[in-house]
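[1] Predicted model and sequence follow; I will ask about them next.
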Amino acid sequence: MTTLYTSDHEWLRIEGDVATIGITDYAQSQLGDVVFVELPKVGRSLKKAEAAAVVESVKAASDVYAPITGDVIEVNEALAAEPALVNSDAGGKAWFFKLKIADKGELGGLMDEAAYAAHTA
Amino acid sequence: MLARETSPLKQTPLHALHLARGAKMVPFAGYDMPVQYTAGVLKEHLHTRKEAGLFDVSHMGQLVLKAKSGNVGDAALALEKLVPQDIVGIAPGRQRYAQFTNDDGGLLDDLMVANFGDHLFLVVNAACKAEDEAHLRAHLSDTCEIVSLADRALIALQGPKAESALAKLCPDVSSMKFMDAGPRRVADIDCFVSRSGYTGEDGFEISVPAGKAEALVTALLDNPDVLPIGLGARDSLRLEAGLCLYGHDIDTTTTPVEGALEWSVQKVRRSGGARAGGFPGADKILAQFAQGAARRRVGLRPDGRAPVREGAALFADPTSTEQIGKVTSGGFGPSLNAPVAMGYLPTSLSALDTTVFAEVRGQRLPLKVAATPFVPNTYKR
């Protein structure tokens, strides 16, 4: 299992040909208290960089982009009932959606943990 | 509203205190202002409703209007040339909400006017203060002196524990009622105190000499009931209270009638009143009092949990292509644990419980017209 990061502050956990995607702890700390999460529909085909989900704080709405191309195979329904999970466990229980990876070649452009740590430093 | 990124931001006398308290600073109306502290918007909002919150609003404009005759009644009569409110009727030690109107009946700014006995004390919005001062000078200089109190800070202390916190430094405030206003000694500092605010809660607004602001705020924050609150929670609190934000919910294109602010225009200035009219745009505004306006500001409650934000287009049904209005303020109400908004609708669709639809990210979300304030206010009348 590998965890990769984007410059837009998303994480991807890669298991076989499935990527689980969420936003980083740094991202949630910048957003503040999350009050609403809108997730993509299961079955939707997402292209890399397409707006896939929305996360809203008291102050503002922010898009979450698909970090890679793929089909949505599962979404985290728990976030609808408890958006604050994004603040309490961004890297774990507050995953957003799972994609069936279309092109593993796209993973080459993402950051590993050390590179992401440098990016947010 | 926001300063251009190239212009240097001004700082309030409390700037260093904000930084020391871990505030996240943002540009607002030309000032570097705290949007939140380490607690975050949600906790700051809820703390203000439950305990007491302290806000730096020193970016707002503070002005003195004094008649050359020395008679405060002459200053009041003069100001009535620019606002549709009964200023003459503000008793000494009292304050009233007002608006500067333009010739089209639109609103140049909204403000607070207090009678301090021998002069009027005005508090205006930060983004409008230079224009407001110029407007006063252009129209009232023949009879009045206009003094900008740029060397004073302004703080707001709001919430159910505001009275007990402020009374420790000025016992007299306990006897003040909502919209009482006047000079008070607070912690041995000469201040102007009013029992008012912008949160829907009981509370006070305190004008303090800039050099004493940090000492006063530090004394208030020494009380464990009091937390510093940023502009983020100030906005969610005023939205839940159904209060207008100038430049968003009201502006030069909205009249007091369209803005559902009829309550703020006293009968003496309306048709048939002893001092009816005589303010810019009176013909249009008084006609709207008689005949109604085509559109109206309303409270809106989205059905789901998704916030509907400023600028969202409103439609009568899920499919129509004709936009009927728009959201002017919207977000999440932490005390309601639900989204809240306000906006303009055709008067024919402004009745309570009317369902309309907002376009958000390509979807039509249902909202109901709702009474404001969304959260009951707790003013001490």
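    Now that the structure is in, tell me what you want to look at.
[2] what ranges do the helices span in chain A?
    Along chain A, the stretches classed as helices by DSSP state H are A:25-31, A:78-81, A:85-88, A:113-120.
[3] With mean pLDDT added, can I get those in a markdown table?
    Shown next, in a markdown table, are the helices of chain A (pLDDT from 0 to 100):
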| stretch | mean pLDDT |
| --- | --- |
| helix A:25-31 | 94 |
| helix A:78-81 | 94 |
| helix A:85-88 | 97 |
| helix A:113-120 | 95 |
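[4] where's the most centrally placed residue in chain A relative to chain B, distance?
    The centre of chain A sits closest to A:Gly22, judged by C-alpha atoms, centre = their mean, with a distance of 2.6 Å. Distance, A:Gly22 to chain B, by C-beta to the nearest C-beta, to the nearest Å: 19 Å. Backbone N, C-alpha and C define where each C-beta goes, glycine included.
[5] what's that residue in contact with, if anything?
    A:Gly22 makes contacts with A:Glu10, A:Trp11, A:Ala90, A:Gly91, A:Ala94, A:Trp95, A:Phe96, as judged by C-beta atoms under 8 Å, 6 or more residues apart in numbering or on different chains.
[6] And for B:Ala20?
    Applying C-beta under 8 Å, 6+ apart to B:Ala20 gives no contacts.
[7] Repeat that for the one 4 residues further on.
    Applying C-beta under 8 Å, 6+ apart to B:Lys24 gives the contacts B:Pro34, B:Val35, B:Gln36, B:Tyr37, B:Gly230.
[8] ditto for B:Phe55
    So B:Phe55 contacts B:Ile155, B:Ala156, B:Leu157, B:Gln158, B:Pro228, B:Ile229, B:Gly230, B:Leu231, B:Arg234 (C-beta under 8 Å, 6+ apart).
[9] now the strands for chain A?
    A:2-5, A:10-15, A:18-23, A:34-38, A:45-46, A:51-57, A:61-65, A:70-75, A:97-101 (DSSP state E).
[10] Show me what the last one is in contact with.
    When you say that, I think you mean strand A:97-101. A:14, A:17-21, A:39-40, A:46, A:52-53, A:66, A:68-76, A:107.
[11] got it, and stretch B:371-381?
    Contacts of stretch B:371-381 (C-beta under 8 Å, 6+ apart): B:49, B:160, B:163, B:176-178, B:195, B:200-202, B:239-243, B:299, B:301, B:333, B:335-336, B:340, B:342, B:352.
[12] Could you pick out the residues of chain B near chain A for me?
    Chain B has residues B:35-36, B:40-43, B:45, B:232-233, B:235-236, B:305-307, B:309, B:331-332, B:334, B:339, B:361 near chain A, with proximity defined as C-beta under 8 Å from any C-beta of the partner chain.
[13] same thing but 6 Å
    B:Gly40, B:Val41, B:Leu42, B:Gly232, B:Ser236, B:Arg305, B:Ala306, B:Pro307, B:Phe332 (C-beta under 6 Å from any C-beta of the partner chain).
[14] what about the third one, which helix or strand?
    So that's B:Leu42. If you go by DSSP states H and E, B:Leu42 is part of helix B:41-50.
[15] So which of the helices of chain A is nearest chain B?
    With C-beta to the nearest C-beta as the criterion, chain B lies closest to helix A:78-81 of the helices of chain A, at 7.6 Å.
[16] Now do the contacts for the nearest residue to A:Asp103 once chain neighbours are set aside.
    Once flanking residues are discounted, A:Asp103 sits nearest to A:Thr69: 5.9 Å by C-beta to C-beta, 6 or more residues apart in numbering or on different chains. By C-beta atoms under 6 Å, 6 or more residues apart in numbering or on different chains, the contact list for A:Thr69 reads A:Lys47, A:Lys48, A:Ala102, A:Asp103.
[17] out of the residues you listed, which are buried?
    A:Ala102 (16 or more other C-beta atoms under 10 Å in any protein chain shown).
[18] got a list of what the residue in the stretch 201-350 of chain B positioned nearest to chain A touches?
    Nearest residue of the stretch 201-350 of chain B to chain A, counting by C-beta to the nearest C-beta: B:Phe332, 4.3 Å away. B:Phe332 is in contact with A:Val35, A:Val58, B:Pro307, B:Pro339, counting by C-beta under 6 Å, 6+ apart.
[19] what's the most distant pair in these?
    Farthest-apart pair in the contacts of B:Phe332 is A:Val58 and B:Pro339; separation 10.2 Å (C-beta to C-beta).
[20] still on that earlier bit, of the contacts of B:Phe332, the lowest pLDDT goes to which?
    Lowest in pLDDT among the contacts of B:Phe332 is A:Val58, which has 89.
[21] separation between that residue and chain B?
    4 Å.
[22] And for A:Tyr5?
    Taking C-beta to the nearest C-beta, one finds A:Tyr5 at 23 Å from chain B.
[23] Touching stretch B:256-273 from outside, list them.
    The contact list for stretch B:256-273 (C-beta under 6 Å, 6+ apart) reads B:84, B:86, B:97, B:250, B:274-276, B:286, B:288-289, B:293, B:295-297.
[24] tell me which residues in it are buried?
    In stretch B:256-273, counting by 16+ other C-beta under 10 Å, buried: B:Pro256, B:Val257, B:Glu258, B:Gly259, B:Ala260, B:Leu261, B:Ser264, B:Val265, B:Gln266, B:Arg269, B:Arg270.
[25] Just the C-alphas of that stretch, formatted as PDB.
    Taking C-alpha atoms only, stretch B:256-273 is exported to PDB below (Å, rounded to 0.1, in the frame of the first residue of the first chain):
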ATOM      1  CA  PRO B 256     -35.300  50.600   2.500                       C
ATOM      2  CA  VAL B 257     -38.600  49.100   1.400                       C
ATOM      3  CA  GLU B 258     -37.000  46.600  -1.000                       C
ATOM      4  CA  GLY B 259     -34.500  45.800   1.800                       C
ATOM      5  CA  ALA B 260     -37.400  45.000   4.300                       C
ATOM      6  CA  LEU B 261     -36.100  47.900   6.500                       C
ATOM      7  CA  GLU B 262     -39.500  49.700   6.800                       C
ATOM      8  CA  TRP B 263     -39.300  49.200  10.600                       C
ATOM      9  CA  SER B 264     -36.200  51.600  10.500                       C
ATOM     10  CA  VAL B 265     -38.200  54.500   9.000                       C
ATOM     11  CA  GLN B 266     -40.300  56.100  11.600                       C
ATOM     12  CA  LYS B 267     -43.800  57.400  10.900                       C
ATOM     13  CA  VAL B 268     -42.700  61.100  11.300                       C
ATOM     14  CA  ARG B 269     -40.600  60.800   8.100                       C
ATOM     15  CA  ARG B 270     -43.300  58.900   6.100                       C
ATOM     16  CA  SER B 271     -46.100  60.500   4.100                       C
ATOM     17  CA  GLY B 272     -48.400  62.300   6.500                       C
ATOM     18  CA  GLY B 273     -45.700  62.600   9.200                       C
END
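[26] Of all the residues in stretch B:44-59, which ones are buried?
    Those would be B:44-49, B:51-59, for stretch B:44-59 by 16+ other C-beta under 10 Å.
[27] re the thing from before, now flag whichever of the contacts of A:Gly22 is closest to chain B.
    Of all the contacts of A:Gly22, A:Ala90 has the smallest distance to chain B: 14.5 Å, by C-beta to the nearest C-beta.
[28] burial count for the one residue in chain A that gets nearest to chain B?
    Going by C-beta to the nearest C-beta, chain B is nearest to A:Asp33 of chain A, at 3.7 Å. For A:Asp33, the neighbour count with other C-beta atoms under 10 Å in any protein chain shown is 24.
[29] can you tell me which residues contact the residue nearest to it when sequence neighbours are not counted?
    Excluding its sequence neighbours, the residue lying closest to A:Asp33 (C-beta to C-beta, 6+ apart) is B:Leu42, at 3.7 Å. B:Leu42 makes contact with A:Asp33, A:Val58, B:Pro334, according to C-beta under 6 Å, 6+ apart.
[30] go on, A:Ile23?
    A:His9, A:Glu10, A:Ala90.
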